[in-house]
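> Predicted model and sequence follow; I will ask about them next.
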Amino acid sequence: MKFSHSTFFIMKDGSVICCGYNQYGQLGFSGTSSQSRLMYLPFSGVRKIVCGGAHTFFIMEDGTIKCCGYNYYGQLGTGDTENKLTPVDLTLTGVSDIVCGSDYTFFIMEDGTIKCCGYNYYGQLGLGDTNNRTSPVNHPLTGVRKIVCGAEYTFFLMKDGTIKCCGYNYRGQLGLGDTSNRTSPVNHPLTGVKDIVCGGNHTFFIMEDGTIKCCGRNSEGQLGIGNTNNQTKLITHPLTGVKDIVCGGAHTFFIMEDGTIKCCGLNDYGQLGLGGTNNRSSPVNHPLTGVKDIVCGGAHTFFIMEDGTIKCCGRNNYGQLGLDHNSSSNNRELEPKTIPFTGVKAFASYTSIDNNDIYFVLSNENINYTIRGNQLIELDKPLSQYQFKKRGFTNLDLLYTNIESIIRPMDFDRKEGEGRLFKKALNINRSKKIIIS
């Protein structure tokens, strides 16, 4: 998500890999330790992941929903305010889609109605008050085509082409010409809007005629208009030929129709990927080519390349880049770096458990390793076959190795008292989507 520090990769087989900030259990596995290594979730069959600032929803292929993470304001919709350190089933059924702000949630139902819950101090739920909701309540709006959230403000794109908005507006991010919050959805004066893209507190309107309008916070140059003045009134953006816009917390990428990339805004952690930390108040050409898509977190960025690889840059203090370390210099990567998903293609392993350590042999390398916690350690000498016999067996969710491979259990085959566990490395082209929470 555009204002936080965790990352999810949805794989083509429906499994999920994650890394980054996990203080509230938002990554979805037991515990609250942040993860700089890419970790598999203990379940698969995930169709979509939707994240808020520190809360997560997993929309499963069978239509059910799991949720976890921060729940202080009731944003998970579980009827309480207890954080969920492991995913729990959401009792709400008939949900078509979910949209999250930083600490609040909208459920778009299959019948077209809207339900919502969570933080509402600024009126971002659009219920006419500022009371939080711990359980999903019916929203009064009908005829909603799409919901777009910033950190604490909301736009409703209506089926009739009009726009309504509510919530936090201190920086003028609603584009209404003032800085007053709105607790109920109000009609927006702009017409002819094709789509809306929100950062933490800045907003872009992509118009049907191809032009761009913008408003909101601009103190770091995230609007890309050549200055750092906040904009309470809508202005026309100087860029033309923009195909799409992707926003982080306070940084922005413009994907151009000719395939090139431009960027602007906050760059203190190198999230623009330009090799330095200077902010940009005007869009500058990005050196990367062959970019298929871009995904932004609060202060970190992923570039999905046309060749299937993924590059990343920016803040990495919680390991949110998935590079197996928290930082190379001051918790950040200033230039795009390729995530090391490649390496060993396939191999079989023998595994067993001994004194809470997991031992296995990579058959195509003839090297013995042990896993202690998340650390991969090469043994001084090979284990005897006896140590693999008559032991308990475990289905490891992930082994992340220093040989730039991700290894995942695929199958069990018990023969002659030995546990043979077939594994294979996952190539980056197996990843079909990245979600940042």
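Everything's here; your move.

> Can you check the pLDDT for the residue lying closest to Gly143 once chain neighbours are set aside?
Nearest residue to Gly143 in three dimensions, chain neighbours excluded: Lys159, at 4.8 Å (CB to CB, 6 or more residues apart in numbering). Any C-beta I mention is one placed from the backbone N, CA and C, and that applies to glycine too. Looking at Lys159, its pLDDT reads 96.

> Contact partners for Lys159?
Going by CB atoms under 8 Å, 6 or more residues apart in numbering, Lys159 touches 143-145.

> Repeat that for Gly221.
227-228, 264-266, 279-282.

> what does Leu323 give?
Counted by CB under 8 Å, 6+ apart, Leu323 has contacts 36, 312, 316, 333, 337, 339-340.

> got it, and Thr113?
Here Thr113 is in contact with 138-139, 142 (CB under 8 Å, 6+ apart).

> how does it look with 7 Å?
Contacts for Thr113 (CB atoms under 7 Å, 6 or more residues apart in numbering) come out as Asn138.

> Torsion angles phi and psi at it?
Here is the backbone geometry of Thr113 (degrees, to the nearest 10): phi -80, psi 170.

> now the residue nearest to Gly143: how far from Asn201?
27 Å (CB to CB, to the nearest Å).

> before we move on, what about Met60?
On the measure of CB to CB, Met60 and Asn201 end up 32 Å apart.

> These two: who's more crowded?
Neighbour totals were compared for Met60 and Asn201, and Asn201 leads with 24 against 16 (other CB atoms under 10 Å).

> So the more buried one sits against Glu152, correct?
No - counting by CB atoms under 7 Å, Glu152 is not a contact partner of Asn201; they are 8.1 Å apart.

> For whichever strand or helix holds Cys117, what does the pLDDT average out to?
Element membership of Cys117, judged by DSSP states H and E, is strand 114-118. The average pLDDT within strand 114-118 is 98.

> repeat for stretch 207-217
So the average pLDDT for stretch 207-217 ends up being 97.

> From the chain's centroid, how far away is it?
Mean C-alpha position of stretch 207-217 versus that of the full chain (CA atoms, centre = their mean, to the nearest Å) differs by 25 Å.

> mind starting the numbering at 42 from now?
Okay, using 42 as the starting number, the last item reads as stretch 248-258.

> So for it, first residue to last residue, what's the gap.
End-to-end distance for stretch 248-258, by CA to CA, to the nearest Å: 20 Å.

> and the nearest residue to Val332 once chain neighbours are set aside, what pLDDT?
In this structure, Val332 finds its nearest non-sequential neighbour in Phe344, 5.2 Å apart by CB to CB, 6+ apart. Reported pLDDT at Phe344 in the predicted model: 94.

> Identify the bridge partners of Phe344.
Ile335, Lys352 (DSSP bridges).

> Quick check: it touching Pro377?
Yes - with contact defined as CB under 7 Å, Phe344 and Pro377 form a contacting pair (5.8 Å).

> Which residues are in contact with each of the two?
Shared contacts of Phe344 and Pro377 (CB under 7 Å, 6+ apart): 329, 352.

> Just checking: what are the partner strands of the helix or strand encompassing Phe49?
Using DSSP H and E, the element containing Phe49 is strand 47-52. Using DSSP bridges, strand 47-52 pairs in its sheet with strand 57-61 (antiparallel), strand 472-477 (antiparallel).

> which one of those strands has the lowest average pLDDT?
Ranked by mean pLDDT, these bottom out at strand 472-477, with a mean of 50.

> and the protein, what are its domains?
47-381, 387-468 (automatic domain parsing).

> The longest one: end-to-end distance?
If I follow you right, that is domain 47-381. 18 Å.

> cool, and stretch 258-266?
First residue to last in stretch 258-266 (CA to CA) measures 12 Å.

> which residues of this structure score low on pLDDT?
42-44, 366-371, 382-478 (pLDDT under 70).

> and with 80 instead?
Counting by pLDDT under 80, the chain contains low-confidence ranges at 42-45, 52-56, 71, 78-81, 83, 365-371, 381-478.

> on that earlier part again, sort out for me which of the contacts of Leu364 are in strands.
Of the contacts of Leu364, the ones assigned to strands by DSSP state E are 77, 353, 374, 378.

> hang on, isn't the last one packed against Lys352?
In this case it means Lys378. Yes - taking contacts as CB under 7 Å, Lys378 lies within contact range of Lys352: 6.3 Å.

> These two: who's more crowded?
Lys352 (19 against 16).

> still on that earlier bit, distance between the strand holding Phe49 and the chain's centre?
The answer for strand 47-52 is 6 Å, by CA atoms, centre = their mean.

> now stretch 272-286
On the basis of CA atoms, centre = their mean, stretch 272-286 sits 25 Å off its chain's mean C-alpha point.

> Equivalent analysis for stretch 87-106, please.
Relative to its chain's centre, stretch 87-106 lies at 11 Å (CA atoms, centre = their mean).
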